[in-house]
Each structure stands twice: as C-alpha cells, then as structure tokens.
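*Asks:* no sequence on this one, just coordinates:
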C-alpha cells in the first residue's frame, strides 16, 4: 500500500490538481540552484584566496561603495546578513588587504568601506571567468524572464526570513 503523503503546502494557488508535487519539484530545483550558486561563489572566491561569503562582500563593496564608500550596516542590509557578521568578515578583508576603511566625513564615528587596489585587482582578474560562468548560469533567461526573476526573488526574501524565524518555536517544541 502506497504512503498517503500529506500536503506540504496549503495555499490553493500553489497546488496543482490538489497535489503539491509541482511545489515539491520547485523546492528541489531551487535547492539545486542554490547549491550550485554557492559552489560557484566558493570556487571563484577560492581563486583569489577568499571564502565564498568574503567574495560576496568584496563584490558588494565594489557595487555599492561609489565615491564615498559603504557602511557595514548598508552592506549587511544589501546581502541580507547580520551587521556583526559583516563587521567580522570585513575586518578579515581589511587585514588581508582587499578592503580599506575610512572615517565618514560627516560622522567620524561611522566607518566607510572601499576596495583596496589589491581588491580591485582581484576582481579584475576574476571577471573574464566570472562573466562566462554567469552567462551560463543565467542562460535560460531573456530580458523579461530576468526582470520577473529579480522581482520574484526580491519579493520572496522577507518571506524566507520569516519562515526561518518560524523554526525557533518548532525546535523548542521538538
């Protein structure tokens, strides 16, 4: 006798014919993509002596710093991680020569982060391979699909964070 598996989602718009099979496949596909994206991030970072999260921080600083630099708080918000994590990792990146910190010209208590020349060189060295990898990774998307995916994932981030928070009471009951 086959196991009569309970539904793992109750929202009717996510069920297909009363089944959660399509939803389960989506979850498996997203997990697979996530695993591969982390492997790419870790592998690219490793090429210049960085961990995957450190590589993400360096790339985010390159994206956000502009002329004045970026604060650890803004960096943490952009990456959806905690400010203490960013503080610890940026400290390592400063000591290893990838980032520089400067006092904010308007508020001396605030620190702004920028790429160092070594950080810029590391990104420049990785860019040709990274471009090819990203072109392949996102090869299924056209401009419309890219826009939709960006919006969908941005919309899902707060729900993902809330779902993780829901685990705490479940763990306490277990």
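*Replies:* Nice, I can see it. Everything numeric in this text was worked out from a predicted model, so none of it was measured.
*Asks:* please count neighbours and contacts with C-alpha atoms only from this point.
*Replies:* OK.
*Asks:* packing partners of the longest helix along the chain?
*Replies:* The helix spanning the most residues in the chain, taking DSSP state H as the definition, is helix 21-47. Secondary-structure packing of helix 21-47 (3 or more Cα pairs under 8 Å, 6 or more residues apart in numbering; DSSP states H and E): helix 52-64, helix 117-137.
*Asks:* so for it, mean pLDDT?
*Replies:* Regarding helix 21-47, the rounded mean pLDDT is 95.
*Asks:* how about stretch 135-148?
*Replies:* pLDDT averaged over stretch 135-148 gives 96.
*Asks:* in a markdown table: the helices and strands packed on helix 21-47, plus distance to residue 15 and mean neighbour count.
*Replies:* Formatted as a markdown table, the helices and strands packed on helix 21-47 follow (distance: least, Cα to Cα, whole Å; neighbours: other Cα atoms under 10 Å):
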| stretch | distance to residue 15 | mean neighbour count |
| --- | --- | --- |
| helix 52-64 | 35 | 19 |
| helix 117-137 | 28 | 14 |
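*Asks:* nearest to residue 96, out of those helices?
*Replies:* Nearest of the helices and strands packed on helix 21-47 to residue 96, taken as Cα to Cα: helix 117-137 at 9.4 Å.
*Asks:* and the next element down the chain from that closest one?
*Replies:* With elements assigned by DSSP states H and E, the helix or strand that comes after helix 117-137 is helix 143-165.
*Asks:* okay, now the closest residue to residue 55 other than its chain neighbours: neighbour count?
*Replies:* Spatial nearest neighbour of residue 55, chain neighbours left out: residue 45 (5.0 Å); criterion: Cα to Cα, 6 or more residues apart in numbering. Neighbours of residue 45 under the rule other Cα atoms under 10 Å: 21.
*Asks:* how much space separates residue 45 from residue 58?
*Replies:* Applying Cα to Cα, to the nearest Å, the value for residue 45 to residue 58 is 10 Å.
*Asks:* what are the contacting residues of the helix or strand bottoming out on mean pLDDT in the chain?
*Replies:* Here the helix or strand of the chain ranked lowest by mean pLDDT, DSSP states H and E is helix 167-173, holding a mean of 80. For helix 167-173, contacts defined as Cα atoms under 8 Å, 6 or more residues apart in numbering pick out no residues.
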